[in-house]
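Engineer: have a look at this fold, sequence not included:
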């Protein structure tokens, strides 16, 4: 299926109903995070710039059944110049967290600027709220095949995680997304803030709608 | 209480019953991870070198009650030259994950080499098993005051997270630890490996027992 892969550098997302519905943006976030009081933009900035996140599931492993389970998953919400706000993943049932999700799709995804050099350069401790993080809670769903969304997910992931193209197909990897129910941002003192979904998916003037 | 703080650079852990029991080691892990087949050493290497981790709890927040919740927490298992294998934390009940833990202390902590520059330098994707990670599952417990363990925890955390010393005491921060029940290492192809606790706390000859 190698011939199927596009030249990701010059990928232009199609103007399909999916993309209109998903509020996909040309990403133009700038090199540093937005001001901390622009929480929807901060959430989108972190989600777009995070290459991976910490995923939390209900463990289905016999020895720790019922415990919350934490793991690492690579994500992408779009190509480097494109941002949907939706974290896409490329996961396999051989993996513990995927097995958990196939039994109970509820999960959270924590994405933090601690992943980048930003907090270290600013001398901000990873636990300090100013080392901004976003915690997305929702349910993981498999992306339907033969849709424009699966093309988007493939481009989003394979452009930013090129190694994924060669991951063994025999392992049953599939494209999935977090269907977001709650968006929580911690980016300053005073406690976390909940970002309403309409604001998250349409966060204002820092980028241009396609 | 400022006069209470020690000069952490030259801190020598006391040879108390606590430290004998805890298998505290002079850390001498070297600059790169150990070979992937030495899984106990790999677990100790990651736990000692991680400044922060992803913590997974059962959410007690009304809007997402019962969902797994992921968050970021700063950790330390000892000063830079000292390693206990026990992740200590400095947490406040003002924080969502701490509130979750006070209701249900079960949690997991995922620590990954993706936090460092290692995987990027080696061109290994964060989700690739060779971007080694350890997932510790257990229960979070408050460290008892007026013990040698709380002195150890304070030194462990404040030496490696110096900003913590100035975090507001009015926020009710306290020292806690993960009482480990399961140690899972993913550091190569072929699936995760469980490290028995005795092996984890006594991982061989890469360092010297005090």
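Structural biologist: Great, that's in hand. For clarity, every value in this text was computed on a predicted model and none was experimentally measured.
Engineer: drop to CA atoms for contacts and neighbour counts, all remaining ones
Structural biologist: OK.
Engineer: right, is the helix or strand where residue A:154 lies up against chain B?
Structural biologist: For residue A:154, the host element (DSSP states H and E) is helix A:148-160. No: contact between helix A:148-160 and chain B, assessed by Cα under 8 Å from any Cα of the partner chain, is absent, since the two come no nearer than 9.8 Å.
Engineer: who are the packing partners of whatever helix or strand comes next after that helix?
Structural biologist: Next helix or strand after helix A:148-160 toward the C-terminus (DSSP H and E): strand A:174-186. Using 3 or more Cα pairs under 8 Å, 6 or more residues apart in numbering or on different chains; DSSP states H and E, the elements in contact with strand A:174-186 are helix A:39-49, strand A:88-91, strand A:133-142, helix A:148-160, strand A:193-194, helix A:197-201.
Engineer: try 7 Å
Structural biologist: Contact partners of strand A:174-186 among helices and strands, from 3 or more Cα pairs under 7 Å, 6 or more residues apart in numbering or on different chains; DSSP states H and E: strand A:88-91, strand A:133-142, strand A:193-194.
Engineer: burial of residue A:197, as a residue count?
Structural biologist: Residues lying near residue A:197 (other Cα atoms under 10 Å in any protein chain shown) number 14.
Engineer: quick one on the thing from earlier: which other residues reach the helix holding residue A:154?
Structural biologist: For helix A:148-160, the surrounding residues in contact (Cα atoms under 7 Å, 6 or more residues apart in numbering or on different chains) are A:8, A:18, A:75-79, A:88, A:143-144, A:164-165, A:175.
Engineer: quick check, nearest of these to chain B?
Structural biologist: residue A:164 (8.2 Å; Cα to the nearest Cα).
Engineer: return the distance of the closest one relative to residue B:32.
Structural biologist: When Cα to Cα, to the nearest Å is the yardstick, residue A:164 and residue B:32 sit 25 Å from each other.
Engineer: which one of the two is surrounded by more residues?
Structural biologist: Set side by side, residue A:164 and residue B:32 show more neighbours around residue A:164, with 18 against 8, by other Cα under 10 Å.
Engineer: need the pLDDT of the spatially closest residue to the more buried one that is not a sequence neighbour.
Structural biologist: Taking Cα to Cα, 6 or more residues apart in numbering or on different chains as the measure, residue A:164 lies nearest to residue A:158, with 6.0 Å between them; neighbours along the chain are not counted. The per-residue pLDDT reported for residue A:158 equals 98.
Engineer: so how far is chain B from residue A:158?
Structural biologist: 11 Å (Cα to the nearest Cα, to the nearest Å).
Engineer: nearest to chain B, of the helices and strands packed on strand A:174-186?
Structural biologist: If you check each of those against chain B by Cα to the nearest Cα, strand A:133-142 wins as the nearest, at 6.8 Å.
Engineer: can you list the neighbours in contact with the closest one?
Structural biologist: Counting by Cα under 7 Å, 6+ apart, the neighbours of strand A:133-142 from elsewhere in the structure are A:43, A:46, A:101, A:105-113, A:175-187, B:70-71.
Engineer: buried only: go through those for me.
Structural biologist: With burial judged by 16 or more other Cα atoms under 10 Å in any protein chain shown, the buried subset of those is A:43, A:46, A:101, A:105-113, A:175-180, A:182-187, B:70-71.
Engineer: near chain B, which residues of chain A show up?
Structural biologist: Taking Cα under 7 Å from any Cα of the partner chain as the contact definition, chain A meets chain B at A:52, A:54-58, A:67-74, A:106-110, A:115, A:125-127, A:135, A:161, A:163.
Engineer: among these, which are in helices?
Structural biologist: In helices, judged by DSSP state H, none of those are found.
Engineer: which of those are buried?
Structural biologist: In those, the ones that pass as buried (16+ other Cα under 10 Å) are A:52, A:54-58, A:67-74, A:106-110, A:115, A:125-127, A:135, A:161.
Engineer: where does the prediction get shaky in chain A?
Structural biologist: A:1-28, A:205-210 (pLDDT under 70).
Engineer: in it, which residue is closest to the centre?
Structural biologist: Ranked by distance to the mean C-alpha position of chain A (Cα atoms, centre = their mean), the top residue is residue A:87 at 2.6 Å.
Engineer: I figured that one hits residue A:177, correct?
Structural biologist: Yes: with contact defined as Cα atoms under 7 Å, residue A:87 and residue A:177 form a contacting pair (5.7 Å).
Engineer: which of the helices and strands packed on strand A:174-186 is buried the deepest?
Structural biologist: Taking mean count of other Cα atoms under 10 Å in any protein chain shown as the contact definition, the stretch among those with the greatest mean neighbour count is strand A:88-91, which reaches a mean of 25.
Engineer: just checking, what packs against that strand?
Structural biologist: Counting by 3+ Cα pairs under 7 Å, 6+ apart, strand A:88-91 packs on strand A:174-186.
Engineer: tell me which strands the strand it packs on pairs with, and in which orientation.
Structural biologist: In the sheet containing strand A:174-186, its partner strands are strand A:88-91 (antiparallel), strand A:133-142 (antiparallel), strand A:193-194 (antiparallel), by DSSP bridges.
Engineer: how close does residue A:70 get to residue B:34?
Structural biologist: According to Cα to Cα, residue A:70 and residue B:34 sit 23 Å apart.
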